[in-house]
Structures are given as structure tokens and as C-alpha cells.
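In: Okay, here's the prediction I keep looking at, along with the sequence it came from:
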Amino acid sequence: MIDRTKVWAGTLNEVALGGRAKRSVGFYDTTLRDGEQAVGAAFDPAQKLEIAKLVDGLGVGRIEAGFPRVSEEDREAIRAITQAGLKAEIWGFSRALVDDVEAVVDLGLRFCVIEAPISDPKLAALGVTREQVLGRIEKAVAFAVRNDVRVAFFGVDSTRADLGFFERVYRAALDVGAAEIAIVDTLGIATPEAVTFLIGRTREWVGDGVPIHFHGHNDFGLATASAIAAVYAGASWIHGTVDGIGERGGNANLPEIALALELLYGVETGLRLDRARKASERLREIGRYQLEPWKPVTGENLFVRETGAVAAQFHIPEAIEPYAASLLDTPRGIVLGKKSGAASITLKCEELGLPARPEKVATLLAAVKSLALEKRGLVTDEEFAAIVHRHG
Ligand SMILES: CC(=O)SCCNC(=O)CCNC(=O)[C@H](O)C(C)(C)COP(=O)(O)OP(=O)(O)OC[C@H]1O[C@@H](n2cnc3c(N)ncnc32)[C@H](O)[C@@H]1OP(=O)(O)O
Ligand SMILES: O=C(O)CCC(=O)C(=O)O
């Protein structure tokens, strides 16, 4: 539960909090499957198990452990994850093909997303007609259900599907026993308004007993906004990955969505924001990728301040930050550089236990700026200490 006294979003925030969003939503993590589709990512089974544990520690409700048909290594990872005693429900992934589902059943998985393309461009690419794909979906879903697997039917490229066919295909999946449905923005082209429309419209005919998932991508930088729109429209499960790792512009970023839902919309996600930075750090080591330092939630420099005008307000965090750093379990700090001001010098002296004589501040500041310009970078603590000693 978020301590709301540490959120400084202001009175406009009441607009969202008074909205009609659900009060809670579940997260479905697909770092191990759709995240691994990021170019160059190839987690080995031990790494997959470690990532599953990290994600479980983040408090997501569901983890997609993998796509068993891909390789023996993937099956080995899924076996290890299912035996690890995690809190999250462990889901498998399968195409609408009986052989794929069989591989899920053989591993003893009880939950599975079954996917098939439903937009015309995707069907054309696969060389399969609408009728043929419907037949495959019915066969694969029915087979899974007969084998006691709870199925969420996942229509690939749903947001570009013909609306009539969209409805037909999801109804067909439900008729043969799918218990849940996932609406999928494969190419990240749905605006938040389109997501609201599509989920709202589906919600009406599907009824309250069928949970709706939303699976989004970030090609237009809209994945977080679209996920929030999905929650507003009644989605029960939001798919995404840690850091939004994934193909092209990536997947929806679960910690980022949680930050907005929890802090701005008052929607509980169960995600441990205080663990998100460490989880991201470890995933970056395993996956060997880097993040922009200004990235929400996990960016390295979110609470590191260089600008002098900001340093002058550093003692009142709500003047310069939207929420408390403690919500992310991360420290606040001042760094020195070309943009430092007098307050930066005083604060840095206090932090390092160096003498901060008021009559010396201007000289120290000038020396810091000069070195920063020479280096075209930050002045390290060691360099600053040397400057202080030099200027006595
Ligand atoms: C399909 C996805 O997008 S899943 C997510 C992406 N993930 C990956 O690609 C993971 C790594 N990929 C792999 O290991 C392989 O590409 C596999 C296992 C997915 C596919 O293996 P391939 O042997 O290349 O299968 P291929 O793509 O040729 O498809 C085989 C059949 O499945 C059909 N098919 C493909 N996707 C689907 C689907 N989602 N639903 C139903 N049928 C499908 C094809 O039409 C083809 O049918 P046909 O034999 O009658 O022509
Ligand atoms: O087509 C794919 O990449 C697999 C399904 C999926 O994750 C998606 O459609 O977004």
C-alpha cells in the first residue's frame, strides 16, 4: 500500500482518483517470453529462473514462464520455474496448434495463453484464411481445456482486426472453453482512446465473468497510457515486462505503469515499486542492455540533481520531485558540474564533511564550473575534495 503522503501530484490528481478506474488490477509479466524477443536476448534456464524469482519478488500475479515448443532449454526453464514455489501463477504460451498445447500439457502447466493472428495482414503473412485460423483456435483451445488447462485466448494484432471478425473469433474461443481473453496491440498502434473503445465494447458483450487482459507494445511511446486506458475500460490483467524490454519499441513497462496507476490514479497493482530498481539493475546485467538515465522508475539519475537552481530547493523535496525517493527505495543526491550553483557547493561540502566557508563558495563554484567545462562532464567527489583543499 502506497503511503500517499509521499506523493506530491497536487490537486489535479483528484480528477484521476475520482475517476471510474477499477481500484485494483493484476500484472501479467512476460519478460521471459515477449521480453526475450528483444533482439539479442537469450536467457539460459538458470537466468530464466533467476528472472522469474525477481519478477515474483516484484509482486506480479502471473508470470509467463515461456513457450515450450521453442526448445528443450525453454522446457527446462519452465520446469524449474514451476518447481520453484513462487507466489505468482505460472503461465505457458502456445500458438493455436495442438502440438504446441501438447507441449504445455506435458509440462504440467495449468494456465496458458493460446495465441493466433486475427488481423488480415497477419493472416496473409501466414497464408491462412480467417476460417482456417478459427478452426485452429477452436481445436487448440478445446484440446487445452480437455486437459484441464485454463486458457486465455490471445488474438495477435487484435487492434488491427476487422471488428466483426474480432468479435467472432473471441466468441468462438469462449464457446470452446477459453476462460479469459487477451486484447493485443501487437504493433503498439492503438491510441489510449482506441483501447478504451475496444475494451469497453468487448466488456459489454463478454460480461463480468470473463477477465480481459491487455497486451501492449510501445512503438509510439503510448504503451503506459494505453495500459491505463485499458484499466479504466475494465481490463483485469495488464501484460508487460520489466523495463519494457522487448522487440522494436519494446513491451509495456510494468514498473512504469505501476508508478502511474498507484501514485496518480490510486489503483492498486500489487507491484513492489521499492524493489523495481534493483530488479531492473539485475535484469540489465543478465540481458546486457542499458537504459536512459532519465527513464521513469528505473533511470539512474531520477533523484540525482546537478542544476544549481534545483540544488537551492533540495531541502524541500516536494518542490523539485513529484514523489518521495523512498517510494523507490533510492537515495537523493547532488552532483557537481557546469550547472552547479552556490547551494550545490554547500550541500556537497556537507555531504563529504568538507569545510563550507561562506566566503569561499564563489571561488569553489568557479573552480567546479571551470573543471566541468574542461572535462565536458561531472566533477567527481575526489576532484571536488582536491579543489576544496587547493582553495583552503
Ligand atoms: C508465432 C509467434 O509469434 S510466437 C512468438 C514469437 N516467438 C518466437 O518466434 C520464439 C522462437 N521461435 C521459434 O522457435 C520458432 O519460430 C517456432 C517454434 C515459434 C515456430 O517454428 P516453425 O517450425 O518455424 O513454425 P512455422 O512458423 O513454420 O509454423 C508452422 C505452422 O504453424 C502455423 N502457425 C504459425 N503461427 C500460428 C498461430 N499463432 N496459430 C496457429 N497456427 C500458427 C503456420 O501457419 C504453419 O502452419 P503450416 O505448417 O500448416 O504451414
Ligand atoms: O507475434 C508475437 O510477437 C507474439 C505475440 C505477441 O506477443 C504480440 O502479438 O504482441
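Out: Received, thanks. Ligands and ions are numbered 1, 2, ... in the order given.
In: Quick one: residues in contact with stretch 303-321.
Out: Contact partners of stretch 303-321, identified using Cβ atoms under 8 Å, 6 or more residues apart in numbering, comprise 8, 324-325, 328, 330-337, 339-344, 347, 378. C-beta here means a position set from N, CA and C on the backbone, and glycine is covered the same way.
In: do that again at 10 Å, thanks
Out: Contact partners of stretch 303-321, identified using Cβ atoms under 10 Å, 6 or more residues apart in numbering, comprise 6-8, 10, 293, 302, 323-326, 328, 330-348, 365, 369, 372, 378-379.
In: Show the contacting residues for the closest residue to Ala324 other than its chain neighbours.
Out: Distances taken as Cβ to Cβ, 6 or more residues apart in numbering put Lys6 closest to Ala324, at 3.6 Å, once the chain neighbours are dropped. By Cβ under 10 Å, 6+ apart, the contact list for Lys6 reads Leu263, Pro317, Glu318, Tyr323, Ala324, Ala325, Ser326, Leu327.
In: just Gly57 next, same as before
Out: Gly57 sits next to Leu86, Lys87, Ala88, Arg272, Arg275, Lys278, Ala279 when contact means Cβ under 10 Å, 6+ apart.
In: Val60 now?
Out: Neighbouring residues of Val60 by Cβ under 10 Å, 6+ apart: 26-31, 86-89, 237-238, 240, 242, 254, 258, 269-272.
In: Just the buried residues out of these, in PyMOL syntax.
Out: Buried residues among the contacts of Val60 (16 or more other Cβ atoms under 10 Å), as a PyMOL selection:
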select buried, resi 26+27+28+29+30+31+86+88+89+237+238+240+242+254+258+269+271+272
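In: Show me the contacts of Val60 that map onto helices.
Out: Judged by DSSP state H, the subset of the contacts of Val60 located in helices is Leu254, Ala258.
In: Which residues are in contact with the residue of the stretch 51-200 of the chain at minimum distance from ligand 2?
Out: Using Cβ to the nearest ligand atom, the closest approach of the stretch 51-200 of the chain to ligand 2 is made by Thr186 at 3.4 Å. Applying Cβ under 10 Å, 6+ apart, we find Thr186 in contact with 115, 117-119, 122, 154-160, 215-217, 219, 247-248.
In: ok, how many other residues are close to Phe314?
Out: 18 (other Cβ atoms under 10 Å).
In: what kind of secondary structure is it in?
Out: In the three-state summary, Phe314 is assigned as coil, counting by DSSP: H, G, I helix; E, B strand; the rest coil.
In: From the chain's centroid, how far away is stretch 320-340?
Out: 22 Å (Cα atoms, centre = their mean, to the nearest Å).
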